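Peer 1: Have a look; sequence and predicted model below, questions after that.
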Amino acid sequence: MEKRTILAIVISLIILVAYQEIFMKKFMKPQSVNDNTTTMQVKPEKKTQEVATVKKKTIQPEKKINKIKEVIKNPNEKFLNVENSVFKLTFSNKGGAITKCILKKYFVTYKRQKNVVLFDKVRDYPIENEIIVNDYKIPRDTVYNVDISSYNVYVENKPYKITFYKDFGTFLFKKIYTVLPDKYQIDLEYEFINKSKTPLKIENSTFYFRTEKLKKAKYQFEGSCFLVDGVLKEVSVKKIEKEKIRQYTKNVQWFGYSEVYFLAVILKKKDYFDIAKTYISDNNVVLEGIKNFNLKINDKVTDKNYLYFGPKKYDILKSYHAGLERSINYGIFDFLAKPLMIVLNFFYKYIHNYGVAIILLTLLIKLIFYPLTQKSYESMKKMKDLQPHINRIKEQYKNDKAKLNQEIMELYKKYKVNPFGGCLPMIIQIPVFFALYKALLNSIELRHAPFISHIPFTDKVWLVDLSVKDPYYITPILMGLSMFVQQKMTPTGGDALQEKLMYFMPIFLTFLFLNFPSGLVIYWLANNILSIIQQYMVNKKMEKSK
């Protein structure tokens, strides 16, 4: 890369790191209240210890209905295991909840020994619901009836339904899950039937509890996410801890928890949640979506939802036509990063190696920007040739700045040299670098994707996972060396201080890249090698033209 460009990228990286480390930590204040978003300080709700009676809702009582039958908790909890080709789920008759989700196609490490557990029960069940009927609250851990023929089911050819149900006297409630073959989707329907002689006002809350130790990703987003009015809203764990609660009250299509590579989301099929919020409770991130119903006498209402538990893979998420692909957020250069990933996946489709695909993508980017880069190198070469004349003018008019500038501009005009010609074409490429940086840093495609499995002629495992750093730091060192060679070949403007600074840059960037994902380092290394080849060709051409 051209020297000014490298300097600009380094300064940009420093600003980016400083922004994340200083501004985001110390100066970010809670989002201000508006008509669709609220932030407030609340105390975590204490979990009830009552086991035989229904807890009363802490609101002004409305006109009472026929008393709901007392709920007796069954200590003999039963679990139902259901799996398809992509995940394993565990259901409980206690609360009719999903207690565990294992992703069968994804593993904790590249060794592929243990599957990723998206969530598991620790304190509360990860997926459960709570019902409030007028001024009565049905406990979340109510034991439901379930009619099943087997407690271990494999879903292969057709959808499999699991119906949890209970007659509460005044109303009949059903919670119906439908597990689909070969999909990360589970349909979820809540059905209410009013059996009383009085209209019922129902508030149905669906919860997602992130029960593992909270993660605070440094450079990648992890936390709660919502789709509100078609716009993605992200609330990091740090923000939730600071604000205590974030709430949306209008046009919430889905909400869930986003990790770097995986997503757990609860979606509405047709309408919206009335309220969706996230908060911290007992060191857990809690997400809650609320839907309200007015149920007439003998009336029935069905609340249709579905769940997505799976990878943040663009083509899979987009196939649901619910805006789930927006959960893949590459920041301000998102509009560039996503097309780059599409091209990367296109190359991978045919060569089945993401390391090679990254090199081909680098070559394609280099070819697209070839005319601009060529112009930049030629301009820099001309500037170097003019340097003796510029030095002479500086010495001659060192006491007259106005005349000095006038003479230098006349010199540029005479030799048809643009002093900014070496810089501007390269600056245009900086957004592409940052877009690819964000894409390679956050894309699940590179997770456990191998490039070269072993160091040549050894049995040492090497680049088997492009989403993590090079374990032996070979690629960052090669990247630094290639940058040094590039600096030696690139024409300079004669400024000794700038020249020394630019020779320091390879050392600085080598240390900076030591812990970067190896896929990103391979991109930069490949770009440097291609730049060296291009610079060599330009230098030869300029020498022949003399």
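Peer 2: Everything's here; your move.
Peer 1: Can you show me the CA trace of stretch 157-172 as PDB?
Peer 2: The C-alpha coordinates for stretch 157-172 follow below in PDB (Å, rounded to 0.1, in the frame of the first residue of the first chain):
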ATOM      1  CA  ASN A 157     -39.800 -36.400   7.100                       C
ATOM      2  CA  LYS A 158     -42.600 -34.200   8.500                       C
ATOM      3  CA  PRO A 159     -43.100 -31.600  11.300                       C
ATOM      4  CA  TYR A 160     -43.500 -32.800  14.800                       C
ATOM      5  CA  LYS A 161     -46.000 -31.200  17.200                       C
ATOM      6  CA  ILE A 162     -45.600 -31.100  21.000                       C
ATOM      7  CA  THR A 163     -48.700 -29.700  22.900                       C
ATOM      8  CA  PHE A 164     -48.500 -28.700  26.500                       C
ATOM      9  CA  TYR A 165     -51.900 -27.900  28.000                       C
ATOM     10  CA  LYS A 166     -53.700 -27.200  31.200                       C
ATOM     11  CA  ASP A 167     -57.300 -26.300  32.300                       C
ATOM     12  CA  PHE A 168     -57.200 -23.400  34.800                       C
ATOM     13  CA  GLY A 169     -61.000 -23.500  35.300                       C
ATOM     14  CA  THR A 170     -61.800 -20.100  33.800                       C
ATOM     15  CA  PHE A 171     -59.700 -20.700  30.700                       C
ATOM     16  CA  LEU A 172     -57.900 -23.500  28.800                       C
END
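Peer 1: next one: that stretch to chain centre, how far?
Peer 2: 35 Å (CA atoms, centre = their mean, to the nearest Å).
Peer 1: Over to stretch 134-144?
Peer 2: 35 Å.
Peer 1: Stretch 91-98 now?
Peer 2: 29 Å.
Peer 1: what's the answer for stretch 106-124, then?
Peer 2: On the basis of CA atoms, centre = their mean, stretch 106-124 sits 18 Å off its chain's mean C-alpha point.
Peer 1: Next: stretch 355-366.
Peer 2: Using CA atoms, centre = their mean, the offset of stretch 355-366 from its chain centre is 23 Å.
Peer 1: what does the average pLDDT come to for it?
Peer 2: If you average the pLDDT over stretch 355-366, you get 94.
Peer 1: what comes into contact with it?
Peer 2: With contact meaning CB atoms under 8 Å, 6 or more residues apart in numbering, stretch 355-366 is reached by 340, 343-345, 347-348, 351, 373, 429, 432, 436, 440, 449-452, 463, 466, 519, 522-523, 526-527, 530-531, 534. Using the backbone N, CA and C atoms, a C-beta is placed for each residue, glycine as well.
Peer 1: rerun that using 7 Å as the cut-off
Peer 2: Contacts to stretch 355-366, defined as CB atoms under 7 Å, 6 or more residues apart in numbering, come from residues 340, 343-344, 347-348, 351, 432, 451-452, 463, 466, 519, 522-523, 526-527, 530.
Peer 1: what about residue 459, helix or strand, and which?
Peer 2: Residue 459 is part of no helix or strand when elements are defined by DSSP states H and E.
Peer 1: how many neighbours does it have?
Peer 2: Residues lying near residue 459 (other CB atoms under 10 Å) number 6.
Peer 1: Got the phi and psi for it?
Peer 2: Dihedral pair for residue 459: phi -110, psi 20, per degrees, to the nearest 10.
Peer 1: From residue 465, how far off is it?
Peer 2: Residue 459 sits 17 Å away from residue 465, going by CB to CB, to the nearest Å.
Peer 1: Compute the number of surrounding residues for the closest residue to residue 417 other than its chain neighbours.
Peer 2: Distances taken as CB to CB, 6 or more residues apart in numbering place residue 382 nearest to residue 417, at 4.8 Å, with adjacent residues excluded. Neighbourhood size, residue 382 [other CB under 10 Å]: 20.
Peer 1: same deal with residue 149?
Peer 2: Counted by other CB under 10 Å, the residues lying close to residue 149 total 5.
Peer 1: SS state for the closest residue to residue 354 other than its chain neighbours?
Peer 2: Of all residues not flanking residue 354 in the chain, residue 449 sits nearest, at 4.2 Å (CB to CB, 6+ apart). Using DSSP: H, G, I helix; E, B strand; the rest coil, the structure places residue 449 in coil.
Peer 1: unless I'm mixing things up, residue 449 is touching residue 464, no?
Peer 2: No: the pair residue 449 / residue 464 is not scored as a contact, 8.6 Å apart, by CB atoms under 7 Å.
Peer 1: Show me which of the two is the more surrounded one.
Peer 2: Ranked by neighbour count (other CB under 10 Å), residue 449 and residue 464 place residue 449 first, with 23 against 18.
Peer 1: residues in contact with the more buried one?
Peer 2: 354, 465, 466.
Peer 1: Now it: phi and psi?
Peer 2: Main-chain torsions, residue 449, degrees, to the nearest 10: phi -80, psi 120.
Peer 1: tell me the pLDDT at it?
Peer 2: So residue 449 comes in at 95 (pLDDT).
Peer 1: What distance do you get for it to residue 439?
Peer 2: With CB to CB as the criterion, residue 449 and residue 439 are 13 Å apart.
Peer 1: repeat for residue 511
Peer 2: 23 Å.
Peer 1: Please identify which helix or strand holds the residue nearest to residue 417.
Peer 2: With DSSP H and E as criterion, residue 382 is part of helix 370-396.
Peer 1: cool, residue 105 as well?
Peer 2: Residue-wise, residue 105 maps onto strand 97-107 under DSSP H and E.
Peer 1: So what touches that strand?
Peer 2: For strand 97-107, using CB under 7 Å, 6+ apart, the contacting residues are 86-92, 113-121, 125-128, 309-311, 448.
Peer 1: Of the residues you listed, select the buried ones using a ChimeraX command.
Peer 2: Of the contacts of strand 97-107, the buried ones go into a single ChimeraX selection, burial set by 16 or more other CB atoms under 10 Å:
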select :86,87,88,89,90,91,92,116,118,119,125,126,127,128,309,310,311,448
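Peer 1: chain center to stretch 503-510: distance?
Peer 2: Mean-position distance between stretch 503-510 and its chain equals 30 Å (CA atoms, centre = their mean).
Peer 1: same thing with stretch 187-196?
Peer 2: Put simply, stretch 187-196 sits 35 Å off its chain's centre (CA atoms, centre = their mean).
Peer 1: Next, the contact list for residue 130, please.
Peer 2: Here residue 130 is in contact with 137, 138, 140, 205, 207 (CB under 7 Å, 6+ apart).
Peer 1: if you look at those residues, which of them are in helices?
Peer 2: Using DSSP state H, the subset of the contacts of residue 130 located in helices is empty.
Peer 1: The one helix or strand residue 338 maps to packs against which elements?
Peer 2: Using DSSP H and E, residue 338 sits within helix 334-351. If you count contacts as 3 or more CB pairs under 7 Å, 6 or more residues apart in numbering; DSSP states H and E, helix 334-351 packs onto helix 354-368, helix 430-442.
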